[in-house]
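**Student:** A predicted structure for the sequence below; I have some questions about it.
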Amino acid sequence: MFAAWVSACFSLALTTGPSIAWEPTKPVEIVVAAGAGGASDQMARMMQLAIQKNGLMKQPMVVSLKGGASGAEALIYMKSSEGDPN
């Protein structure tokens, strides 16, 4: 059990380096599968404000509301952006 835990920690340590080095090259889009004014919209905008206020990212963040079809509209929108890391 201990060996498995140590192995998992070691694997995690090896995979975090490349993700830390990545920086977005254009504005980052937060896609919300809900309409304006709801809890999901408010949470996304609070995350956007916190990240920008604390300077955690150089690129701006944009909140896109894709409410409708029980989230299918947002899923289709994200699927059409496949390969775009932003």
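**Tutor:** Perfect, thanks for sending it.
**Student:** Tell me where this structure has helices.
**Tutor:** Applying DSSP state H to the chain gives helices spanning 2-21, 39-53, 72-80.
**Student:** What distance do you get for residue 21 to residue 71?
**Tutor:** 32 Å (Cβ to Cβ, to the nearest Å). Any C-beta I mention is one placed from the backbone N, CA and C, and that applies to glycine too.
**Student:** Give me the more crowded residue out of those two.
**Tutor:** Legend: neighbour count by other Cβ atoms under 10 Å for residue 21 and residue 71, higher for residue 71 (13 against 7).
**Student:** ok, residues contacting stretch 53-61?
**Tutor:** 23-30, 47-48, 50-52, 86 (Cβ atoms under 8 Å, 6 or more residues apart in numbering).
**Student:** now with 10 Å?
**Tutor:** 23-30, 44-45, 47-52, 86 (Cβ atoms under 10 Å, 6 or more residues apart in numbering).
**Student:** So for residue 3, what's the pLDDT?
**Tutor:** Note on residue 3: pLDDT of 60.
**Student:** next one: the one 10 residues further on
**Tutor:** Looking at residue 13, its pLDDT stands at 62.
**Student:** List buried residues within the contacts of stretch 53-61.
**Tutor:** 30, 44, 48, 51 (16 or more other Cβ atoms under 10 Å).
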